[in-house]
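> Return atomic coordinates for the entry below.
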Amino acid sequence: MADVAKRLSTNIDGNFFVDATCINCDTCRQLAPKSFVENGEYSSVYRQPETESERYQAYQALLACPVGSIGALVPDKAVMRAATESFPMLIEDNVFYNGFNSEKSFGANSYFIRHPEGNWLVDAPRYMKKLVDAFERMGGIAYIFLTHEDDIGDAPRYAKHFRAKRVIHRADADAQPDAEWIIDGLDTVEASPDFRIIPVPGHTDGSMALLYRSRYLFTGDHMAWDREIKGLRLATVYVWKESALRRSAEKLLVYPFEWILPGHGDRMHLPSTKHFWRSRRRLPSTVTSPVCFMTSFSDSITWSTSSTCGCSYTIPSGTSCASTLWRCRTRAVMCWAARNFPWQNPQAGGSGNISSPCWSRMWRRKPAFPA
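Sure, this is the predicted structure:
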């Protein structure tokens, strides 16, 4: 539990607070964004929860915090119990977020997949009796998929208890030398009809992603949703080799998915991506990559990022681009393409700027879109 004597001065007055042991892992901001915010090198309470739902989320954040840096001056035991029982928390269709993030993985998220041929744990939370009991009720754990060496958490204890097979890439296997299933090389492994293991070196040499039912993409620390820019971002800050990271991102675009489920960073459902990936299969094989997330538009417009990568594309009228992927091709680097995109509307003869962030992939050859 947090220490009120170490309460950060950046907290707003009230019941909930963050103390100076915070490691700024982002867990609380993901679970209770209406109460917690990043403030310098820490998280802090910028708004005390007012509704029952907000208090519930604040207690979820308190419980999930890997270092116990969130406290409540006057704890509500009933809400605390309800928040405790919410973990593992259903995301969708037998996919769960476990909560109880581990300090051993710097507060990384971990997930549980309930499957008739054996359940999967994706990375590992703290070893908690509450979670052990929940996993046992759902049929135990057959496989523990370790996205990379940093986010192992308490995987060895869960593996021992459930006699589960740990899956890790050979390049990161020093972190789990006794793992039961070692993945070699860069080729995708079809673990079963529902599970694809995709090596994505970059963050670490042995980073891997797991694609479940061509819908749920567990990305580890490779890629996440960024709530500030409202788009996908690559983890380019703490990275083994950035050029490999970008090549791996390109590799992931071959596969259809609708959910991004990262170790660090926000989870996000992108319902329009399935249509995008189907459309992509009809394009020439030289077209490999995306992606821009923008606001919605009432008129058909043509946007251009010529100042950065020379790409242009026409957006049909009525399109909501907040969850729609649009292509931007060039080769070498990932750019945060200009926040003000010059655009033209040939039908109306207008022009202006789209003030929205865009995540675009840059290629070394001249971009060209099909008509």
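
> Residues contacting stretch 14-24, please?
If you take CB atoms under 8 Å, 6 or more residues apart in numbering as the criterion, stretch 14-24 is touched by 2-4, 6-8, 11, 28, 35-36, 38, 41-45, 48-49, 58, 62, 66-74, 103, 106-107. (Glycine included, C-beta is placed from N, CA and C.)

> Sort out for me which of those residues are in strands.
36, 38, 42-45, 70-72 (DSSP state E).

> what's the burial count for D154?
Neighbour count for D154, taken as other CB atoms under 10 Å: 19.

> element containing the spatially closest residue to it that is not a sequence neighbour, please.
Spatial nearest neighbour of D154, chain neighbours left out: Y127 (3.9 Å); criterion: CB to CB, 6 or more residues apart in numbering. Using DSSP states H and E, Y127 sits in no helix or strand.

> List the contacts of Y127.
So Y127 contacts 154, 157-158 (CB under 8 Å, 6+ apart).

> so what pLDDT did it get?
Note on Y127: pLDDT of 98.

> and if you look at G350?
Confidence score, pLDDT, at G350: 40.

> now R339
29.

> now swap in F297 and tell me
Value listed for F297 in the pLDDT field: 33.

> likewise G318?
42.

> ok, now the one 4 residues further on?
For A322, the pLDDT comes out at 31.

> ok, now L245?
89.

> Sort out which residues of the host helix or strand of it are buried, please.
Under the criterion of DSSP H and E, L245 resides in helix 242-252. Neighbour counts using 16 or more other CB atoms under 10 Å place 242, 244-246, 248-252 of helix 242-252 among the buried residues.

> how about JSON lines for those, with distance to I91 added?
Formatted as JSON lines, the buried residues of helix 242-252 follow (distance: CB to CB, whole Å):
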{"residue": "E242", "distance to I91": "30"}
{"residue": "A244", "distance to I91": "29"}
{"residue": "L245", "distance to I91": "25"}
{"residue": "R246", "distance to I91": "28"}
{"residue": "S248", "distance to I91": "24"}
{"residue": "A249", "distance to I91": "23"}
{"residue": "E250", "distance to I91": "26"}
{"residue": "K251", "distance to I91": "24"}
{"residue": "L252", "distance to I91": "19"}
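
> which among these gets closest to V189?
K251 (13.4 Å; CB to CB).

> residues touching the closest one, list them.
Per CB under 8 Å, 6+ apart, neighbours of K251: 198, 200.

> From K129, how far out is it?
To K129, K251 is 39 Å away according to CB to CB, to the nearest Å.

> try N94
With CB to CB as the criterion, N94 and K129 are 22 Å apart.

> Likewise for A191?
29 Å.

> Which one's more surrounded, these two?
Neighbours per residue, other CB under 10 Å: of A191 and K129, the larger number sits with A191, 18 against 7.

> Could you check how many residues crowd around the residue lying closest to the more buried one once chain neighbours are set aside?
Spatial nearest neighbour of A191, excluding adjacent residues (CB to CB, 6+ apart): I197 at 5.5 Å. By other CB under 10 Å, the residues close to I197 number 18.
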